[in-house]
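**Student:** Predicted coordinates and the sequence they were generated for:
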Protein chains: 2
Amino acid sequence: MASIKDVAAEAGVSVATVSRVLNDHPSVSADARARVLAAVGALGYRPNAVARSLRTDQTHTLGLVISDVLNPYFTELARSVEEEARALGYSVIIGNADERPDLQDHHVRNLLDRRIDGLLVSPTDGGSPLMLDAARAGTPMVFVDRWIPGVDVPVVRADGRTAVRDLVAHLHGLGHRRLAIIAGPAATTTGRERVEAFREALGAYGLELPDAYIGQGDFQAESGRRVTEGFLDLAEPPEVVFAADNLMALGALDAVRARGVRVPDDIALAAFDDIPWFVHTDPPITAIAQPTGELGRAAVRALVARIEGRPGESVTLPARLVVRRSCGEPYPASPEPDPAQAPAVQHPVKNRSHT
Amino acid sequence: MASIKDVAAEAGVSVATVSRVLNDHPSVSADARARVLAAVGALGYRPNAVARSLRTDQTHTLGLVISDVLNPYFTELARSVEEEARALGYSVIIGNADERPDLQDHHVRNLLDRRIDGLLVSPTDGGSPLMLDAARAGTPMVFVDRWIPGVDVPVVRADGRTAVRDLVAHLHGLGHRRLAIIAGPAATTTGRERVEAFREALGAYGLELPDAYIGQGDFQAESGRRVTEGFLDLAEPPEVVFAADNLMALGALDAVRARGVRVPDDIALAAFDDIPWFVHTDPPITAIAQPTGELGRAAVRALVARIEGRPGESVTLPARLVVRRSCGEPYPASPEPDPAQAPAVQHPVKNRSHT
DNA sequence: CCCGTCGATGTAATCGATTCCATGCGTGAC
DNA sequence: GTCACGCATGGAATCGATTACATCGACGGG
């Protein structure tokens, strides 16, 4: 592979001049510039990013550590992050933690070793020493979706409180009184917050959230199945199961189907995170939709701001309830006129990919 | 950030000795080793991968360029690729081409600039000069899923021919005679092969595949919708629509639903690529399942073999028909006893993630 | 007792870029 | 005509590692 020396030789100039041409430094004669460019073309030369990074101490690369690539929510997040990063001149390296703190640490370490310019994390746990050290050591960092309290790092996330209130209003309006939740890991902020928001919303209607109606999941499908089976085995099973993410909702659907229980007649189902498939499940699933693309883009902007020495602010965007049929007949007491906005709401993914 | 020099100073040895300890070279005294390790611990030193790569001309990194991250098939592929790569001591950088040749080129160029050790590609098109040059120049490379004919690069893929024959047998057995396909781009091998296999299988039953029943899609949902609308507008609409990937099937489902047409009573639907959601759509969708995880792992093994100077073989694994209800009542003439293996078949993703 | 060998270590070259500093030359001001 | 200034350019240091080669001391064999 041709190096800058070869180009210099071919063009009959020094490597310094070649470098100046490539970084379009002003003081290069038109003649030299032309000869260098010709040599570059002739040799098919491409600068070695590794060498450049070593010298400049910049990789123009962001690390993104997400909790689970198989979760369509994170997949869409990753896509928007890459898109915005590319627009700003950065590449992205994705690390998939699979909801495992050890894997998360592996990726963070790997990314730091590669001297990425900044780190975008959706932490799987309460914060490993490694990540806290990195933050303290001054690595530009931004939390997205989930975060770790007590660390001075901007957070970009969606606030589901209002949407959860809307959901509970919807459920209550349909006559449901025994509501259960499949929670995420308590070590994650989203794991805790969604339960809290749910409990609070129930409280507004004088309803309780008994321990038996809080199932401990891990944001993956299998746990949704297990927890739902537990709910169905209860002497008094809940009338509604609210899954704190879309994969656990898939697991819940598996469990319900295996028992021959009908949705929504026998049990209602709702989920946090909306995905295109929810329109076509049997029945279509009522969900809380996050502005995923916006979150990804805002997170990148905040991180790049930090990298370039500007402030880099936290952002909180509202999530929205999307009513479908999985909790009962849709429009009797629904807080929003679903038919009108349904098409836009139900395919966040697709809409974005064709603009 | 501490460098090898700092460690050397702290330990009272030369940088050469530090390097020897870190790469566990045999001839280092126990004493020196201990002092170096102590210094490494004290300073929290981590070797700079950028510098190391420059010197050794190895990045221990594989590039993976996939056609669309939002497609669950590729997402699962990416996951298995990363898993196997990690097991073999490599990291993976993923580039998402979004089915756009220009984006694909962008990522290939970026990865080559970073001097990745090898490239895994699922080409979006017939092969840009850039990729062909890279292959010719000796960059270790392996095609996965899709490939480019006439290039001397191992190919790891699934063969759907048998499964497509099984599908057509199933459809024919259910009495369907007017079968249509939503094809992928003709520039991709999978785009062409799936149509060819379908046509061939139809031929075995004396059926034709008229041009009107071949819709040109691009592997993304929107095109599935558009093509399906075209089919429904035909004077004689098909009885079956076979989508060449899961996203176009989603689009087809959108279109069908928007028209109020019922599946499978009014029109049957089948798809290439099986995903967990197909179990829960309304109705559950009959699909052709690829051994995705195996493909990813085999591709990495082949690529690493190439990188390390060993041969690196092409691999072709069979795809399998999974019958569900989207084409008509399932078990009258089904080639396989679905209920028995349904659980294993229908959740390749989940099963793998918990072993 | 001397010499060759081997183990442990350090010095310095090297990878491919960027960039500081020095040099040489042309030009305009006085 | 001289001087100063600025532009174009090249030489060489530098980033942080790896590694070939040199050195030095100890030890064993003849």
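**Tutor:** The structure has been received and is ready for your questions. All figures in this text were calculated on a predicted structure; none of them were measured in a lab.
**Student:** Low-confidence stretches in chain A?
**Tutor:** By pLDDT under 70, the low-scoring segments of chain A are A:330-355.
**Student:** Would you map the strands across it?
**Tutor:** Assigned by DSSP state E, chain A shows strands spanning A:61-66, A:91-96, A:118-121, A:141-144, A:155-159, A:179-183, A:214-216, A:240-243, A:268-272, A:286-289, A:315-318, A:320-322.
**Student:** List the contacts of the residue lying closest to A:Ser80 once chain neighbours are set aside.
**Tutor:** Nearest residue to A:Ser80, sequence neighbours excluded (C-beta to C-beta, 6 or more residues apart in numbering or on different chains): A:Gly296, at 3.1 Å. Heads up, the C-betas are built off the backbone N, CA and C, glycines and all. By C-beta atoms under 8 Å, 6 or more residues apart in numbering or on different chains, A:Gly296 lies in contact with A:76-81, A:83-84, A:144.
**Student:** Weed out the non-buried ones from the residues you listed.
**Tutor:** A:76-81, A:83-84, A:144 (16 or more other C-beta atoms under 10 Å in any protein chain shown).
**Student:** Mind checking which of these land in helices?
**Tutor:** A:76-81, A:83-84 (DSSP state H).
**Student:** mind putting those in JSON lines, distance to B:Pro123 included?
**Tutor:** JSON lines is the format used below for those (distance: C-beta to C-beta, whole Å):
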{"residue": "A:Glu76", "distance to B:Pro123": "24"}
{"residue": "A:Leu77", "distance to B:Pro123": "26"}
{"residue": "A:Ala78", "distance to B:Pro123": "21"}
{"residue": "A:Arg79", "distance to B:Pro123": "20"}
{"residue": "A:Ser80", "distance to B:Pro123": "24"}
{"residue": "A:Val81", "distance to B:Pro123": "24"}
{"residue": "A:Glu83", "distance to B:Pro123": "21"}
{"residue": "A:Glu84", "distance to B:Pro123": "26"}
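**Student:** Save those as CSV, and put in distance to DNA strand C too.
**Tutor:** Below are these laid out as CSV (distance: C-beta to the nearest atom of the strand, whole Å):
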residue, distance to DNA strand C
A:Glu76, 35
A:Leu77, 32
A:Ala78, 29
A:Arg79, 30
A:Ser80, 30
A:Val81, 26
A:Glu83, 26
A:Glu84, 24
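**Student:** what's the closest of those to A:Thr17?
**Tutor:** Taking C-beta to C-beta as the measure, A:Thr17 lies nearest A:Glu84 of those, at 35.3 Å.
**Student:** follow-up on the earlier one: of the strands of chain A, give the one that comes closest to chain B.
**Tutor:** Ranking these by proximity to chain B (C-beta to the nearest C-beta) places strand A:91-96 first, at 5.3 Å.
**Student:** Distance of A:Asp152 relative to DNA strand D?
**Tutor:** 25 Å (C-beta to the nearest atom of the strand, to the nearest Å).
**Student:** Burial check on that residue, number of neighbours?
**Tutor:** Neighbourhood size, A:Asp152 [other C-beta atoms under 10 Å in any protein chain shown]: 7.
**Student:** you'd agree it is up against A:Pro140?
**Tutor:** No - look at A:Asp152 against A:Pro140 with C-beta atoms under 8 Å: they stay out of range, at 12.0 Å.
**Student:** re the thing from before, of the buried ones among the contacts of A:Gly296, which pair is most distant in space?
**Tutor:** A:Glu83 and A:Val144 (14.3 Å).
**Student:** who's in contact with the closest residue to chain B within the stretch 51-200 of chain A?
**Tutor:** In the stretch 51-200 of chain A, the residue that lies nearest chain B is A:Asp113 (4.4 Å; C-beta to the nearest C-beta). Counting by C-beta under 8 Å, 6+ apart, A:Asp113 touches B:46-49.
**Student:** Repeat that for A:Ala268.
**Tutor:** Contacts of A:Ala268 (C-beta under 8 Å, 6+ apart): A:171, A:174, A:176, A:239-241, A:326-328.
**Student:** Put the buried members of those into a ChimeraX selection.
**Tutor:** In ChimeraX syntax, the buried subset of these is picked out as below (16+ other C-beta under 10 Å):
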select /A:171,174,176,239,240,241,326,327,328
